[in-house]
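Q: I need the structure of the sequence given here:
(chains A and B)
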Protein chains: 2
Amino acid sequence: MSATKDKAGADTPGQRGPADHERREQILAVADDLFKAHGYRKTSVTDIAREIGVSGAYLYKFFDSKQAIGEAVCARALASMDDALRAVVERDQPATQRLRDMLKTLLEEGLRLFLKERRMHDIVVVSIENQWAVTEEHNQAVYDAIKRIVSDGRESGEFERKTPLDEVCMAIRITAAAYAHPVLLNRLGDTDEMEVKLSAVTNLILRSLAP
Amino acid sequence: MSATKDKAGADTPGQRGPADHERREQILAVADDLFKAHGYRKTSVTDIAREIGVSGAYLYKFFDSKQAIGEAVCARALASMDDALRAVVERDQPATQRLRDMLKTLLEEGLRLFLKERRMHDIVVVSIENQWAVTEEHNQAVYDAIKRIVSDGRESGEFERKTPLDEVCMAIRITAAAYAHPVLLNRLGDTDEMEVKLSAVTNLILRSLAP
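A: Got it, this is the predicted structure:
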């Protein structure tokens, strides 16, 4: 593939810019749809190119490999989850309410992004097996959201202040992994059952934060 | 394979018994070692048979497929984890101490069983992808262990009694998934980091149980 890529790259020297950015986004949107419809493993770079109406060689100008496209699709999905979390954090509401809503958002966005009709998208399996590193930025975003809300709740007197802040935030982050991680989401049962479980864990966290 | 199996089965009618049980255990022990050494995917039924010194056809008397061996290996590993949990539950110690030790046991046994030099055994990936049902009994055993300890702690006055018992136990069970699940174990970092994280989550759970 590298010969194809070099050749295609040589055809358009110095053309990176806003147009390239839009094309990249278009490729990722189409890839995302195809991965969801047919599975990551069954979708080839040629399938993606055909759907857009360009050549496979042209796609290799933007991404080195199918895996590079897969990782970018995951990163894009997680970034949209992070935006949703930040929107909750910024609300003008008590910390208790925002913590509840943030954990709910984690669950809902996780379901929307990584499950389909109660089956995990295979891109999740592939990303686990190959230890893709795309989740790092997302993990930091979740941690920051928790820290902001817990700090606010300590200031307002809603939450206890004896336990070290970092310890509390880390523990909530790990606990929330039960919602953030598709493999565990997969085991949570139907929607009603999930609501009950989310509510139980959220209540546990809130009891642990009581002053 | 079914022809082979029927033939082998026909050779030894009515021979199931204690000897068969021992042979089954031997097959699983050898399979477990080979899966850990070379990976589940790279190990064939023939490899397992060769290691024991029998024919592949003979193995099909005991297990219908490689997957059946894989599921039985997982079930065996989880059952040994459940035994370790029950031993902690039965100790003559305060509930607080037993809850700490039980969560620690979950982490340590999970590491021992499903990780090797910081990489997940590939049987875990295969079991997730194919949604093997072997974890059901294990999930119940973990739930029972939690329920017993929380009930004891309520009776002794160590834990609060206002929240419904089932809600508390379910929430701890889900939270403990961060330790029980190999995919998440894999992300916890090195041993020191894991101890810190386990301790943070255990403390969060204990704060939530405070009367």
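Q: packing partners of the host helix or strand of residue A:207?
A: Taking DSSP states H and E as the criterion, residue A:207 maps to helix A:191-209. If contacts are counted by 3 or more Cβ pairs under 8 Å, 6 or more residues apart in numbering or on different chains; DSSP states H and E, helix A:191-209 sits against helix A:95-114, helix A:165-180, helix B:165-180, helix B:191-209. In short, each C-beta sits where N, CA and C put it, glycine included.
Q: figure out which of the ones you listed is closest to residue B:43.
A: Closest approach to residue B:43 among the helices and strands packed on helix A:191-209 (Cβ to Cβ): helix B:165-180, 25.1 Å.
Q: how about the helices in chain A?
A: For chain A, applying DSSP state H gives helices covering A:2-11, A:18-38, A:45-52, A:56-59, A:66-89, A:95-114, A:122-129, A:135-155, A:165-180, A:182-185, A:191-209.
Q: about what we covered before: of all the helices and strands packed on helix A:191-209, which lies closest to residue A:192?
A: Using Cβ to Cβ, the nearest of those to residue A:192 is helix A:95-114, at 13.0 Å.
Q: alpha carbons only: can I get that closest one in CSV?
A: Extracted as CSV, the C-alpha positions of helix A:95-114 are listed here (Å, rounded to 0.1, in the frame of the first residue of the first chain):
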residue,chain,number,x,y,z
ALA,A,95,-23.2,19.4,42.0
THR,A,96,-25.3,16.5,43.1
GLN,A,97,-27.7,17.0,40.2
ARG,A,98,-24.8,17.4,37.7
LEU,A,99,-23.0,14.3,39.0
ARG,A,100,-26.2,12.3,38.5
ASP,A,101,-26.7,13.7,35.0
MET,A,102,-23.0,13.2,34.0
LEU,A,103,-23.1,9.5,34.9
LYS,A,104,-26.4,9.2,33.0
THR,A,105,-24.8,10.9,30.0
LEU,A,106,-21.8,8.5,30.1
LEU,A,107,-24.2,5.5,30.0
GLU,A,108,-26.5,6.9,27.2
GLU,A,109,-23.6,8.1,25.0
GLY,A,110,-21.8,4.8,25.5
LEU,A,111,-24.9,2.9,24.4
ARG,A,112,-25.4,5.2,21.4
LEU,A,113,-21.9,4.9,20.2
PHE,A,114,-20.8,1.3,20.9
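Q: can you tell me what sits against that helix?
A: Under the contact criterion Cβ atoms under 8 Å, 6 or more residues apart in numbering or on different chains, helix A:95-114 has outside partners A:77-78, A:80-81, A:84-85, A:88-89, A:91, A:93, A:120-121, A:124, A:142, A:145-146, A:149-150, A:152-153, A:156, A:158-159, A:176, A:179-182, A:185, A:194, A:198, A:201-202, A:205-206, A:209.
Q: in that helix, what counts as buried?
A: A:95-96, A:98-107, A:109-111, A:113-114 (16 or more other Cβ atoms under 10 Å in any protein chain shown).
Q: pLDDT on it, on average?
A: What helix A:95-114 shows for mean pLDDT is 89.
Q: got the contact list for residue A:192?
A: Contacts of residue A:192 (Cβ under 8 Å, 6+ apart): none.
Q: tell me how far it lies from chain B.
A: Note on residue A:192: its distance to chain B, by Cβ to the nearest Cβ, to the nearest Å, is 14 Å.
Q: pretty sure residue A:81 contacts residue A:137?
A: No. Here residue A:81 does not reach residue A:137: they are 10.9 Å apart, not a contact under Cβ atoms under 8 Å.
Q: let's see the pLDDT reported for the residue nearest to the spatial centre of chain A.
A: For chain A, the residue nearest the mean C-alpha position is residue A:78 (2.0 Å; Cα atoms, centre = their mean). The model reports residue A:78 with a pLDDT of 86.
Q: can you report how many residues neighbour the nearest residue to it once chain neighbours are set aside?
A: Distance criterion Cβ to Cβ, 6 or more residues apart in numbering or on different chains; nearest residue to residue A:78, sequence neighbours excluded, is residue A:138 at 4.0 Å. Neighbours of residue A:138 under the rule other Cβ atoms under 10 Å in any protein chain shown: 18.
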